[in-house]
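Participant: My questions concern the predicted model and sequence given below.
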Amino acid sequence: MGRERTGGHEHGTHTVREDRGPVRYGPPAPWPGLPVLPELAEVLAAAADRAAPEPAGGSAVLREAACAYWARRGLRGGPDQVAAAPGTSPLLLALVAAHGGDVLLPRPCPASWIPQARLLGRPAYQVPTPAECGGVPDPYALLETVRRVRAEGGRPRLLLLSVADDPTATVAPPELVREACEAAVAEGLHIVSDETWRDTLHRPQDTVLVSPAEMCPDDVTVVSGLYGALTPPAWPVAVARFPGTGRSAARRARTLDILTALGAFVAGPVAAAAAHALGEPDAVTERVRRAAALQARVAAEAHRAVLATGALARPPQAGRHLYADLGPLRSRLAARGVTDSLELEEYLSARLNAPAPGGHRFGDELGALRVRLGTGSLLGATPEQQNRSLTATAPLELPHVAAALSIFRAALDELR
């Protein structure tokens, strides 16, 4: 937890938590709740004696592994179209910096996107998402926003979106993705598609995920943070796939210049493990499959608990989280001193003993009582418990999972 500082009262009777607002205490990505895959740990350990740093944008081995990963998903291209960085934040920062103009984002959006645009001094405009999903803006609202920004003297040039979304845990239907992308391209916007969570679909046989790069290949840069499914969050690495055009080659070169200026190089041992994971050997694919199936069960149970209180939440389709709207419980929350998402974050984080970042972190209005609830913390407190959750045929019946879910339900039941 973050530090506390004394507020305006002389004897410190009023305190304000530093982690309630500043970016440096912003929420991490949803926690996986699982130990490091032993095979990946062995690869990283075997590369621990690497003394030479990785080049800017990643080694040829890492970039070729990323190309093969995307090719298996229908996105072909060469290693000269790929750049790697130590995490999605520096990579997206470099991408936004390499593109001129204003930035458009869905509302809500990942917690780091708005601070990155502000850090670069770029105006960022959020566009509402449709009722059925998050991550992709409503096409008509997008067109209206672009035209309004231009009428006010702005220069909208870049659209960030996420088909499998953080924070809403939804997957945008292909027809919506197509309409939004066609609207963006028609207005001269380049699209950055964050596909960090594409390999975490809860029901992959029933959910159709289509990358914008399949629809608009010359106008979409794809970004993937490997922490979504392939590598541990403690080993930061992300890869970007640029379109195969001359303009994109220049933007990739500019992105590499920015990553070099930032000193944003992937650590050698991490690069070795990342390349191995991107190759998707049997152990990695089995872990990804099992983890997604486990999160599907736990997230579905958490979703039922949210709805039982009278709150709202879209059914989670990907990731290890869900996004709840506690607006219907406003009067009961107000009786407990909770009147906005900042206070809701603190209230639920304390009762769940786990981060519950409020919607203001993701660009939602402060007065909206929305919160992202992670499910990784429900899988166990030790590697032994987490592995049992991963391999059990009935994980919800395990004592440690049942106890964690009981605490989760109790925190919400207080609001009934």
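Facilitator: Now that the structure is in, tell me what you want to look at.

Participant: what's the top helix by length along the chain packed up against?
Facilitator: Counting residues, the longest helix in the chain under DSSP state H turns out to be helix 282-308. Secondary-structure packing of helix 282-308 (3 or more Cβ pairs under 8 Å, 6 or more residues apart in numbering; DSSP states H and E): helix 38-46, strand 312-313, strand 321-325, helix 383-391, helix 399-413. Just so you know, the C-beta spots here come from the backbone N, C-alpha and C atoms, and that holds for glycine as well.

Participant: relative to helix 38-46, how tilted is it?
Facilitator: 120 degrees (axes from the mean of the first three to the mean of the last three Cα atoms, to 10 degrees).

Participant: Quick one: distance of helix 282-308 to the chain centre.
Facilitator: On the basis of Cα atoms, centre = their mean, to the nearest Å, helix 282-308 sits 16 Å off its chain's mean C-alpha point.

Participant: mean confidence score for that helix?
Facilitator: Helix 282-308 carries an average pLDDT of 98.

Participant: list the buried ones in it?
Facilitator: Neighbour-count burial for helix 282-308 flags 284, 287-288, 291-292, 294-303, 305-306 (criterion: 16 or more other Cβ atoms under 10 Å).

Participant: again with stretch 38-51
Facilitator: 39-40, 43-44, 47.

Participant: Next: stretch 328-336.
Facilitator: Under the neighbour-count criterion of 16+ other Cβ under 10 Å, stretch 328-336 has 329, 333 buried.

Participant: Alpha carbons of it, in CSV - could you do that?
Facilitator: Output of stretch 328-336 as CSV, limited to C-alpha atoms (Å, rounded to 0.1, in the frame of the first residue of the first chain):
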residue,chain,number,x,y,z
PRO,A,328,-27.5,1.7,-8.2
LEU,A,329,-26.1,1.4,-4.6
ARG,A,330,-25.3,5.1,-4.3
SER,A,331,-27.6,5.9,-1.3
ARG,A,332,-26.2,2.9,0.7
LEU,A,333,-22.6,3.8,-0.2
ALA,A,334,-23.3,7.5,0.8
ALA,A,335,-24.4,6.3,4.2
ARG,A,336,-20.9,4.8,4.6
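
Participant: I'd assumed Pro355 was in contact with Pro28.
Facilitator: Yes. When contacts are counted by Cβ atoms under 8 Å, Pro28 is listed as touching Pro355 (7.3 Å).

Participant: Report the buried residues of stretch 315-329.
Facilitator: Buried-residue list, stretch 315-329, by 16+ other Cβ under 10 Å: 316-326, 329.

Participant: ok, now stretch 193-213?
Facilitator: For stretch 193-213, burial by neighbour count (16+ other Cβ under 10 Å) applies to 193-202, 204, 209-213.

Participant: Where strands are concerned, which of those count?
Facilitator: 193-194 (DSSP state E).

Participant: all helices for the stretch 1-150 of the chain, in order.
Facilitator: Taking DSSP state H, counting those that start in this stretch, the helices of the stretch 1-150 of the chain run over residues 38-46, 60-71, 88-98, 113-119, 139-151.

Participant: so of the ones you listed, which one's packed in deepest?
Facilitator: Of all these, helix 88-98 carries the top mean neighbour count, a mean of 24, counting by mean count of other Cβ atoms under 10 Å.

Participant: So Ala368 versus Arg361, what's the distance?
Facilitator: Relative to Arg361, Ala368 is positioned 12 Å away (Cβ to Cβ, to the nearest Å).

Participant: now swap in Asn387 and tell me
Facilitator: In this view, Asn387 and Arg361 are 31 Å apart by Cβ to Cβ.

Participant: These two - which one has more neighbours?
Facilitator: Each of Asn387 and Arg361 has its neighbours counted (other Cβ atoms under 10 Å); Arg361 has more, 25 against 14.

Participant: contacting residues for the residue nearest to the more buried one when sequence neighbours are not counted?
Facilitator: With Cβ to Cβ, 6 or more residues apart in numbering as the criterion, Arg361 has its nearest non-adjacent residue at 4.6 Å, and that residue is Ala111. When contacts are counted by Cβ atoms under 8 Å, 6 or more residues apart in numbering, Ala111 touches 26-27, 167, 357, 361-362.

Participant: could I get these as a markdown table with distance to Arg254?
Facilitator: Formatted as a markdown table, the contacts of Ala111 follow (distance: Cβ to Cβ, whole Å):
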| residue | distance to Arg254 |
| --- | --- |
| Gly26 | 27 |
| Pro27 | 30 |
| Pro167 | 30 |
| Pro357 | 32 |
| Arg361 | 29 |
| Phe362 | 28 |
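
Participant: From those, list just the buried residues.
Facilitator: Using 16+ other Cβ under 10 Å, the buried ones in the contacts of Ala111 are 27, 167, 357, 361-362.

Participant: quick one: Tyr125 and Leu105 touch, right?
Facilitator: Yes. Using Cβ under 8 Å, Tyr125 is in contact with Leu105, at 7.2 Å.

Participant: Would you mind telling me which of those two has the busier surroundings?
Facilitator: Higher neighbour count among Tyr125 and Leu105: Leu105, with 22 against 18, using other Cβ under 10 Å.

Participant: Quick check: beta-bridge partners of the more buried one?
Facilitator: With DSSP bridges as the criterion, Leu105 is bridged to Gln126.

Participant: Now for Met160: which residues touch it?
Facilitator: One correction, residue 160 is Leu, not Met. Going by Cβ under 8 Å, 6+ apart, Leu160 touches 92, 96, 103-106, 109, 113, 191-192, 194.

Participant: any idea which of those residues is closest to His276?
Facilitator: Ranked by distance to His276 (Cβ to Cβ), the contacts of Leu160 are led by Asp194 at 22.9 Å.

Participant: Need the per-residue pLDDT for that closest one.
Facilitator: pLDDT recorded at Asp194 is 98.

Participant: wait, it sits on Val223?
Facilitator: Yes. Counting by Cβ under 8 Å, Asp194 touches Val223, with 5.0 Å between them.
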